[in-house]
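Participant: Let me see the structure of the following:
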Amino acid sequence: MTILPSTPSRPLPPTFQLRYLPVSFIQMVKALMFIVVYSIRILLKKDSYKSTIMSIMLTISVGVAIAASGEAKYDS
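Facilitator: Residues are numbered from 1 along each chain as shown. Have a look, this model is predicted:
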């Protein structure tokens with residue numbers, strides 16, 4: 001298994017780059033993993049589309065986007 005860098009301009013392992021991200025930001029990104037997995041399952045037809053679940057995930061996405069924009073303003 002090969003580990004690729006998260007940005008092509010920096011040939012550093014991803015764990016090295018994670019040291020510069022705040023823990024709160026990493027936790028926000030991890031909250032999106034459920035959305036990614038559910039979307040892939042729908043695309044592969046392993047799960048059926050449910051509007052209630054999609055509305056919950058949309059709410060989570062909006063919350064993460066607001067928090068991430070606040071994090072970016074806080075760090076700059």
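Participant: Show me the helices in this protein, by range?
Facilitator: Applying DSSP state H to the chain gives helices spanning 14-18, 23-31, 33-43, 51-75.
Participant: Now mean pLDDT and mean neighbour count too, for those helices, in a markdown table please.
Facilitator: All C-beta spots, glycine's among them, are computed from the backbone N, C-alpha and C. A markdown table is the format used below for the helices of the chain (pLDDT from 0 to 100; neighbours: other C-beta atoms under 10 Å):
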| stretch | mean pLDDT | mean neighbour count |
| --- | --- | --- |
| helix 14-18 | 59 | 11 |
| helix 23-31 | 77 | 12 |
| helix 33-43 | 89 | 13 |
| helix 51-75 | 81 | 12 |
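Participant: Now D47: phi and psi?
Facilitator: Per-residue torsions, D47: phi -140, psi 160 (degrees, to the nearest 10).
Participant: Can you tell me how far the nearest residue to it once chain neighbours are set aside is from A67?
Facilitator: Leaving out its chain neighbours, the residue that sits closest to D47 by C-beta to C-beta, 6 or more residues apart in numbering is R41, at 4.0 Å. In this view, R41 and A67 are 25 Å apart by C-beta to C-beta, to the nearest Å.
Participant: Equivalent analysis for V29, please.
Facilitator: Taking C-beta to C-beta, one finds V29 at 10 Å from A67.
Participant: again, but for K50
Facilitator: 25 Å.
Participant: same deal with F25?
Facilitator: F25 is 8 Å from A67, by C-beta to C-beta.
Participant: ditto for D47
Facilitator: Here D47 is placed at a distance of 27 Å from A67 (C-beta to C-beta).
Participant: My read is that I42 contacts I53, right?
Facilitator: No - counting by C-beta atoms under 8 Å, I42 stays clear of I53, with 9.7 Å between them.
Participant: follow-up on the earlier one: quick check, the residue nearest to D47 in contact with K50.
Facilitator: No - shown here, R41 and K50 do not form a contact pair, counting by C-beta under 8 Å, at 11.3 Å.
Participant: List the contacts of stretch 26-46.
Facilitator: Where contact means C-beta atoms under 8 Å, 6 or more residues apart in numbering, the residues beyond stretch 26-46 that reach it are 18, 47-49, 53, 57, 60-61, 64, 67-68, 71.
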